Every structure is written in C-alpha cells, then in structure tokens.
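K.L.:
make a model of this:
(chains A and B)
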Amino acid sequence: MSDLIEVRNLKKYFSTPRGMLHAVDNVTFSIEKGKTIGVVGESGCGKSTLGKTLMRLHDPTSGEVLYNGEDIANMPIREFKQKYRSHIQMIFQDPYASLDPRMDVLQLVEEPIRVNNKKLSKAEVTAKAREMMELVGLAKRLEISYPHELDGGRRQRIGIARALSLSPEFIVCDEPVSALDVSIQAQILNLLQDLQKERGLTYMFITHDMSVVKHISDDIAVMYLGQMVEKCPSGEIFRNTIHPYSQALLSAIPIPSVHEKSERMILKGELTSPIDPKPCCRFAARCPYATDRCRAEEPVLREMKPGHQVACHYAEKFM
Amino acid sequence: MSETKESILKIKNLVIHYETDEEVVEAVNNISLDIGKGEVLGLVGETGAGKTTTALGIMGLLPDKVGHVVQGNIFLEGEDLLRKSNREMQKIRGKKISMIFQDPMTALNPVKTVGDQIAEVVLLHNHCSKAEALTRAQEMLAMVGIVPERYRDYPHQFSGGMKQRIVIAIALACEPDLLIADEPTTALDVTIQAQILDMMRKLQREHGTSMILITHDLGVVAEICDHCAVMYAGEIVEYGTLEQVFDRPKHPYTRALYQSIPSLDKDVERLHVIPGLVPDPSNLPPYCSFCERCGEKKGVCSKYDTSIVEVEPGHLAKCLMYSPSWKEAE
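P.N.:
This next block holds a predicted model:
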C-alpha cells in the first residue's frame, strides 16, 4: 500500500511576545491511502495546528508534507490552491461557527462547488449540491432552512457535505463530533465511515475523545506539547500502551460501567508552557517515572515493535 | 422509592414551562425525585432533556417572567422551597444549596481576586469580619488543591482546571448540605477531569455533602454517583441505583444510549444509532415522547402515555412495556 500523505519533520512555531511558541515540533508520520489516522491529545497539544498546517491554513516553519510524493507544504500558495485545495478538505469542530448564518442550506452546500468550478452553470451547481445533500442524509425540505434552525447533527452534516462536494481524497476532521450528543455522535461517525468505504477517503481524525478515536482510526498518534509521543495501530494502544502519558490519558477516561474500577493514574499539574521549551522530555514535569535523564535529554521517537513508535527514554521498561 | 431513607431533597410532580409570546416550552414534565442525605445522584440526558432547568428550578433561578413552575413541590429538609420569598431563597442559596455551573470561565468575576470572590459568599452568610472571611477563603483554596497564597490572584491567572476548582471552592465555602454540579467537567480535558472528579469524591466522603451531578457522560456518573436518573424530553424515564441502571437498564432509551457510545474494550464495526431527533419541547406528543425513536415500540405506544413504575425494588422506569396494556397488545 502506498502512503498518500507523508509528513517529515514538520514544525510550526508562532512568535509571541513571550517567545517562540512551539505548537507543532518536529512531527513525522505518514498516512496510507484509504486509512484513518487518529490524532489525540489534550487542548493545547498542537493537534489542530497540525491539521491546519497540512491544509496550508498555516505555513509551516520548516519540514515537508508530501502528498503523493510532491511537497505541498513549501509550494507557492497559489499553486497549492489550484492543484490541491480540492483534494484536501477539512471538517471543523463547531458547525455553527463555520457556517454563514445568512445562507440557507442549499446555498451553503453550493458555495464551495461554485467557487471551485467556475465553469459549471447555475443549474449544474444546484444539481451537484442536491446530490451532496442526499449523500450526507439531509432531507430536501431542509434546503431553505438556515443553520440556526437546525440541530448540531444536521449542521455537522452540512459541514461534511461542503467538504465532500469537491470530491477530496483527504479530509482533516477536527473534532467533528465533540459538540454533539452521543446519539447524534454515533450517526455522524457512521456516516463518516460509510463515506470512507464508498469513496476510498483518507482521514486525519483529530479528537480528545479516546473512545471515538479508537472506534474510527486505523492508527493512533498521541501528541503532547507539540510532539508525537506514541504512534501505533489503534488496537495496540489499548492493549499495549507504552508511553506513560498515553497510559495516564487512557486511565483518566471515565468508563460507563459499574464494575470496571481500574486503578487510576492521576497526573499532577497541567500542561507546561509550549513557549521556548527546554531540551528535555516535555512530559517530565508531570511524569511519575521521570529521572534526571528525562529532565536533561530529549527523547526521540523510536520503533519499539513493528509499527509501534514511542518517544520515551525508558520505553523498554514499560513494554 | 423507599421511604425509609432520610431525604434531603424531595421533588414532587414538578412541571416547569418556559412561556414566550409564541410558544410554551415544556421543559420539565412531572418529575419526582428523592435525594437521600449523603447521596450522589447523577442526572443524565442529552441536550434539551431538562436537566439544567430542573437544577435552576431547585435553586429558584429560573429566568424571570419566562420560566414558571407550573405545578409541584420542592422540599428541602421538609420546607417547600417554592413557597419561599426571594429574600429567603437568597439565604438558602450558597448556604444550604450551592450550584457549580458548567463553564468556569464565565462563572467567575474577572475584576475581583479569587480570594475576594470566595470571601464574598462567606461574608454574605456568616457574621464575621473581612479578615476572617479571607482566612476561610485561603482554607478553601488549600482544600481544592491551590496554593492559599494565590488568593490575591485574578481568574485569568489560573488555568481552566484551576478555575473550576475555584468555582467549587466558592460553592463549598459555606459547607452546603446539597451541591448541584451542572456539567462540572465538560469543558475540561480528561486528565484534568480525573483530578476534579477525584477531588469531588474526596470532598463528598469527608463532608458527607449530598450532590446532584448533571452530566451527559455516563462514564462520569459511573465514577462518583450512587444513584442515577435518566432524563428524556423533560421526564425521568429511568431511576435506580448505579448497578440497576447500568447493569439492568429497563428503558429502551437507556439501553440505546449505552449502545451508541463507542466502547474502549470491544470492537464494533458500526455504532448503534438512535434514529431521529429529540422531540421539540414546544410540541410534545400526547403519548410516549421517545416512541418515534424507539426500537422496541408497539402500536399502543403512540396511543397512551404512561407513568413511571417500579420494575424492581428501588428501580423505576417509564415505559408502556411494564404496564398491563403492553401484554394486551401482544
């Protein structure tokens, strides 16, 4: 199988009055065509910035993003928009904030089609938009509704229809179900999976919800303060978690059962500052196993088992 | 519900409507609840189920003019809260019942130090000096795991998890008998959520505070509650101990809710979906409000409504399948 996306040493820094904010710091990974990579982490770990950098909504500080072998991160933005914008699309977290409140549903779905295919006639655009609405399960009677009249699940379906209308190959889903109730969340997750199967889509699924990510992903990458600390096949992370942060993240999830009361590993403190981080393990300040080495030397992502990479000096100990 | 336990809060047939010029929203429809001393009740349901409205009703904080308690009683240790004047309610709020709101960022006053904000509650309910109140504020900060010396800091100097701790400190400053926590951890990351839940559990154990925890997360309920009430379209559709509701869910909605959560230990191809949407609370059907989305419905479901019945000792469910007319339909 071939990799659709290959990210190499990607960095995105933001300059702030207090120093350089390392939002994404030296991240390397690849996504196979037709597969889903789940990116998990707490707020502020850089997962959304990573998604936006792949989309070229941010220009990277350094590093490469190869799309079918061609570097899309460093090509002129005009060229990127012309050649790749329609291949790479994004679904946003808050479908309410990402939709123009003055457009009705049909107009909202038509907009990306019209903007990206200037040659299409008005009737063709409308026909294509209707096709998209049907695909994502939006009833025809909703065409003239406005976003504020719809519930969160339907609004998210509009977001999905807009992203799909350009027939993309790769979709960055940034917390697409976090704002939804569980019963609606299940509807949207199933829809995304069906569309993937039908159209061979490749997803990058950004979320903080471990159970959602496990359900939908083939591979999971755990991020902490801009860095990838563990990456492995999705089943593996729940059976053989290696990195202490991933372990803590998993044990923090409240399980909806009265019987499973596993010993909880409660982390002390909160995320440290991503501004000008010291060259050490970024998790060391909260890690219960941290040693002097962790506080002095930055661990690199190492392959511990086939397909299972971990950035921890003592990964062998936790295997 | 057993009558033997010593109850702190008793809600009887509570009905709350929001009335505007255009419509009447039936937010809470005839709910009854009994919360024992030292008990932690989880109130679960999706957006619009009426969880927060119930809480606001108890606190006497329904929006002016629009929100009305149409019917029912709310007894706090035998006294009917709905008969209290505003002035009397003010003495009860913060002292006997406290509430923690969902979003700690908006619940705090940005131009007052956190110490002052905690001291404010203490001063309001106790005869003490400003200095004594500030000492109490520092004790409270220490209790929720924040260095007491930071009482002079402003809310923006704290992180999200710490702000939520401060909100909890304010709520607990007068040692209320009942704490209502409305989605206290929803805005927080899981590792911070684990810290806050751990702290709430400890406080509950040490002080014996009774709690109503409002949440949409069944995992959080399993963490700290001992009873659970499931709400749907303004009604309690199921009530019981944690074991009863989690191990032997009796209402089709509760069962469907469990199936729609992606599981961490089991692999499923497709998630179970509850088809359709929550009914419009301004236009509820005269029959079972879950009927349209129910996978176990029969013809009778769209004919009558039913009341909540005891299906096993202490375990209540509101579904026609536990009524005689269900058998007749077979």
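K.L.:
what's the burial count for residue 311?
P.N.:
I went with chain A, as the question did not name one. The number of residues packed near A:Ala311 is 23, by other C-beta atoms under 10 Å in any protein chain shown. The way it works is simple: take the backbone N, C-alpha and C, and place the C-beta from them, glycine included.
K.L.:
the intended chain is chain B.
P.N.:
The tally of other residues near B:Val311 (other C-beta under 10 Å) stands at 18.
K.L.:
list the buried residues for stretch A:81-91?
P.N.:
Buried residues in stretch A:81-91, counted by 16 or more other C-beta atoms under 10 Å in any protein chain shown: A:84-91.
K.L.:
same question for stretch A:276-293.
P.N.:
Quick answer for stretch A:276-293 (16+ other C-beta under 10 Å): A:277, A:280-287, A:290.
K.L.:
ok, stretch B:154-166 next?
P.N.:
Buried residues in stretch B:154-166 (16+ other C-beta under 10 Å): B:155, B:158, B:160-166.
K.L.:
from those, pick the one nearest chain A.
P.N.:
B:Gly161 (5.9 Å; C-beta to the nearest C-beta).
K.L.:
and the closest one, helix, strand or coil?
P.N.:
State at B:Gly161, reduced to three classes by DSSP: H, G, I helix; E, B strand; the rest coil: helix.
K.L.:
in helices only, show me the buried residues of stretch A:81-91.
P.N.:
Assigned to helices by DSSP state H, none of the buried residues of stretch A:81-91 qualify.
K.L.:
the residues you listed into CSV, with extra columns for pLDDT and distance to B:Phe101?
P.N.:
Shown next, in CSV, are these (pLDDT from 0 to 100; distance: C-beta to C-beta, whole Å):
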residue, pLDDT, distance to B:Phe101
A:Tyr84, 92, 45
A:Arg85, 90, 42
A:Ser86, 90, 44
A:His87, 93, 44
A:Ile88, 94, 40
A:Gln89, 95, 37
A:Met90, 94, 32
A:Ile91, 93, 30
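K.L.:
and A:Gly226, how far from A:Asp100?
P.N.:
Look at A:Gly226 and A:Asp100: by C-beta to C-beta, to the nearest Å, they are 32 Å apart.
K.L.:
cool, and B:Val69?
P.N.:
40 Å.
K.L.:
between the two, which has more neighbouring residues?
P.N.:
Higher neighbour count among B:Val69 and A:Asp100: B:Val69, with 17 against 11, using other C-beta under 10 Å.
K.L.:
give me the element that one is part of.
P.N.:
Element membership for B:Val69 (DSSP states H and E) is strand B:67-76.
K.L.:
chain center to that strand, what's the gap?
P.N.:
16 Å (C-alpha atoms, centre = their mean, to the nearest Å).
K.L.:
hmm, who's touching stretch A:294-306?
P.N.:
When contacts are defined by C-beta atoms under 8 Å, 6 or more residues apart in numbering or on different chains, stretch A:294-306 is touched by residues A:28, A:228-229, A:231-232, A:236, A:240, A:242, A:279-281, A:284, A:287, A:309-313, A:315-316, A:319.
K.L.:
restricted to helices, list the residues you listed.
P.N.:
Judged by DSSP H, the contacts of stretch A:294-306 include A:236, A:315-316 as members of helices.
K.L.:
now tabulate these in CSV and tack on distance to A:Leu50.
P.N.:
Shown next, in CSV, are the ones in helices among the contacts of stretch A:294-306 (distance: C-beta to C-beta, whole Å):
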residue, distance to A:Leu50
A:Glu236, 21
A:Ala315, 23
A:Glu316, 28
